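Chemist: here are the coordinates; sequence isn't available:
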């Protein structure tokens, strides 16, 4: 179920509907809080909206969950 929300967020992000994408990523995180990809994707959407402090917090959470994920280090 969390994958559906994350995929929805990805499509919304592609359409540049970042607020709705963030809401989808947050739903995915609510269902599966240890899914580093959702945290990373949330950070990317926040970064697009220039909400940098929130983006950093999301990236840090992704790093905390999976410190060896190279995509997280690129933001």
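Modeler: Right, received. Where do you want to start? Keep in mind that this is a model prediction, so the values were computed, not measured.
Chemist: Give me the phi and psi angles of residue 66.
Modeler: phi -140, psi 80 (degrees, to the nearest 10).
Chemist: From residue 49, how far off is it?
Modeler: Separation of residue 66 from residue 49 (CB to CB, to the nearest Å): 24 Å. Using the backbone N, CA and C atoms, a C-beta is placed for each residue, glycine as well.
Chemist: of those two, who's got more company?
Modeler: More crowded of residue 66 and residue 49, by other CB atoms under 10 Å: residue 66, with 16 against 13.
Chemist: how many neighbours does the closest residue in space to that one that isn't next to it in sequence have?
Modeler: Closest residue to residue 66 apart from its sequence neighbours, by CB to CB, 6 or more residues apart in numbering: residue 36 at 4.1 Å. Counted with other CB under 10 Å, residues neighbouring residue 36 total 18.
Chemist: who's in contact with residue 42?
Modeler: Shown in contact with residue 42 (CB atoms under 8 Å, 6 or more residues apart in numbering): 9, 22, 25-26, 29, 58.
Chemist: Identify each buried residue in the host helix or strand of it, please.
Modeler: For residue 42, the host element (DSSP states H and E) is helix 36-48. Buried residues in helix 36-48, defined by neighbour count with 16 or more other CB atoms under 10 Å: 36-47.
Chemist: coming back round to it: quick check: the residue nearest to residue 66 touching residue 67?
Modeler: No. With contacts counted by CB atoms under 8 Å, residue 36 stays clear of residue 67, the gap being 9.4 Å.
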